[in-house]
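Student: Here's my sequence, what's the structure:
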Amino acid sequence: MKLEMSSLRWAVLYGLAWTLMAAQAQHQHHAAAQGTRPQLASGAAFDPQGNLWLTGLDAQGRLFVQTAPAAQLSHWGAPRLLDTAGDAIAADGENRPKLAFGPQGQVVLSYTRPLARPYTGWIRMLRSGDGGKTFSVPYTVHADRQAITHRFESIAFDAQGVLHTVWIDKRDLAAAPRVNGKPAYRGAAIYRNESRDGGASFGPDLKVADHSCECCRIALAQGADGRLRAMWRHVFEPNIRDHAFAVLGPEPPAPPVRASYDDWHVDACPHHGPGLAPAADGGWHTVWFGIRREGSTEVAAVRYARLNADGSPRPETVRALPDEYAEHADVMAWGQRVAVVWRSVEGARSTLKAWLSHDGGQHFELRALAEVRGENDHPRVAQQGARMVVVWRNPQEVQVHELRF
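Tutor: Numbering: from 1, shown residues only. I've put the predicted structure just below:
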């Protein structure tokens, strides 16, 4: 099957990514300290008062938080360093520090601590019970303490104030029998746990699904019923990298629903997870990176679509973003307003773009929001009700773009 040049470009990038990931996982703390490459991957979120928070690593590889007041989101206060007990911290691409705010003054901050072996890590968390004035020292979230993959976590509180942590885990791969020298297990798995006291303690590690992809972010979104949904890149038989969707709840999980049908046969992880946002009709808006077929040609593209309430796709809604260089898109929604944002990279130039809809995703207007040259983070979205912002960080500044449409 013929491969379009854009697909070839991505295939080359993925090969390089696989080669570099081990070194990044093992040495990123030292690289940051030596200044070889800025670690810009950050997390952003609104607190209950409407202030915007950012967390990430500074030029010396130290974890910080800083805030911008609700009335002036582009006016950042001074960064405040946090005690991480000497942890190395992953802050590259889709593996980054994150923030979440609970209903009773809780603030939790999570990150992955890389371990000595490539692709391994533990998920760590700092907790505050006083709105972020003080934080605990870091602690490990999951019960399993093997030196294996526990990485690419996502965190969120549901409407009942329960904190959910969801991550990629390789304990089942490590325990699987080997056939012809290879484990008889596809990919990794999705695990999660719950905390009912704002991160002070956690329930058992619970498996959501076997056979996830290994290195893509997990999207979390809350439905009208107050429960969280998760969407991730999955490995369907025999080795198809499409997306799965599941409800997170106290009962045993149902089998995940297949949310995309690219039928992408690729024996690698694209390092490119999906985005998810609730739709006004009870369904979902989603974006993801995959392939589409034009005759005998495969074309790599980031696409937008609508999902039904159960996560199953609506094929008639699938469309590619209007940018062949789009990458790492995310999505937000409020009522009939939908915002898809992404980074467009051409050589040393990166452009922040938005695709905005007033009618629930039927029609979109394209906007270019900003442009930089050199290193920069993926765009990070933050939302509080109808207020939607995009946070974009480079070594010189942290830009905030409020979407008004």
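Student: quick one, helices of the stretch 51-200 of the chain?
Tutor: Using DSSP state H, counting those that start in this stretch, the helices of the stretch 51-200 of the chain run over residues 171-175.
Student: correct me, but Ala244 touches Arg258?
Tutor: Yes - with contacts counted by Cβ atoms under 8 Å, Ala244 reaches Arg258, the gap being 6.2 Å. Every residue, glycine included, has its C-beta placed from N, CA and C.
Student: shared neighbours, the two?
Tutor: His234, Phe236 (Cβ atoms under 8 Å, 6 or more residues apart in numbering).
Student: which one of the two has more residues nearby?
Tutor: Ranked by neighbour count (other Cβ atoms under 10 Å), Ala244 and Arg258 place Ala244 first, with 25 against 16.
Student: What residues are bridge-paired with that one?
Tutor: Taking DSSP bridges as the rule, Ala244 bridges to Trp232, Arg258.
Student: For beta bridges, what are the partners of Gln399?
Tutor: Trp392.
Student: Quick check: pLDDT value at it.
Tutor: Here the pLDDT value assigned to Gln399 is 98.
Student: Ok, the one 4 residues further on next?
Tutor: Per-residue confidence for Leu403 comes out at a pLDDT of 98.
Student: Okay, and the beta partners of the closest residue to Pro48 other than its chain neighbours?
Tutor: The shortest distance from Pro48 to any non-neighbouring residue, by Cβ to Cβ, 6 or more residues apart in numbering, is to Phe101 (6.0 Å). Beta bridges link Phe101 to Val107, judged by DSSP bridges.
Student: residue contacts, Phe101?
Tutor: Counting by Cβ under 8 Å, 6+ apart, Phe101 touches Ala45, Phe46, Asp47, Pro48, Val107, Phe157.
Student: What number of residues are in the vicinity of Asn193?
Tutor: So Asn193, with other Cβ under 10 Å, has 18 neighbours.
Student: Just give the closest residue to it, not the sequence neighbours.
Tutor: Nearest to Asn193 is Phe202, by Cβ to Cβ, 6+ apart, at 4.8 Å.
Student: separation between the one you found and His164?
Tutor: Here Phe202 is placed at a distance of 10 Å from His164 (Cβ to Cβ, to the nearest Å).
Student: now swap in Thr84 and tell me
Tutor: From Thr84 to His164 the distance is 23 Å (Cβ to Cβ).
Student: cool, Asp58 as well?
Tutor: Taking Cβ to Cβ, one finds Asp58 at 29 Å from His164.
Student: quick one: which of these two has more around it?
Tutor: Legend: neighbour count by other Cβ under 10 Å for Asp58 and His164, higher for His164 (21 against 14).
Student: Give me the pLDDT for that one.
Tutor: Taking His164 on its own, its pLDDT is 98.
Student: and if you look at the one 3 residues further on?
Tutor: Reported pLDDT at Trp167 in the predicted model: 98.
Student: any shared contact partners between Phe202 and His164?
Tutor: Once Cβ under 8 Å, 6+ apart is applied, the residues that Phe202 and His164 both contact turn out to be Asn193, Glu194.
Student: mind listing what Arg138 touches?
Tutor: I think there's a mix-up here, since residue 138 is Pro and not Arg. For Pro138, the contacting residues are Asp83, Thr84, Ala85, Asp87, Tyr111, Arg113, Arg124, Met125, Leu126, by Cβ under 8 Å, 6+ apart.
Student: you'd agree the residue nearest to Asn193 is up against Ser195?
Tutor: Yes - between Phe202 and Ser195 there is a contact under Cβ under 8 Å: 4.9 Å.
Student: quick one: which of these two has more around it?
Tutor: Ser195 (23 against 19).
Student: Contact partners for the nearest residue to that one once chain neighbours are set aside?
Tutor: Closest residue to Ser195 apart from its sequence neighbours, by Cβ to Cβ, 6+ apart: Leu163 at 4.2 Å. By Cβ under 8 Å, 6+ apart, the residues touching Leu163 are Ala100, Gly102, Gln106, Val108, Ile155, Ala156, Phe157, Glu194, Ser195, Arg196, Gly198, Gly199.
Student: Go again with 7 Å.
Tutor: For Leu163, the contact set (Cβ atoms under 7 Å, 6 or more residues apart in numbering) comprises Ala100, Gly102, Val108, Ile155, Phe157, Glu194, Ser195, Gly198, Gly199.
Student: any idea how far Arg393 lies from Asp281?
Tutor: Here Arg393 is placed at a distance of 34 Å from Asp281 (Cβ to Cβ).
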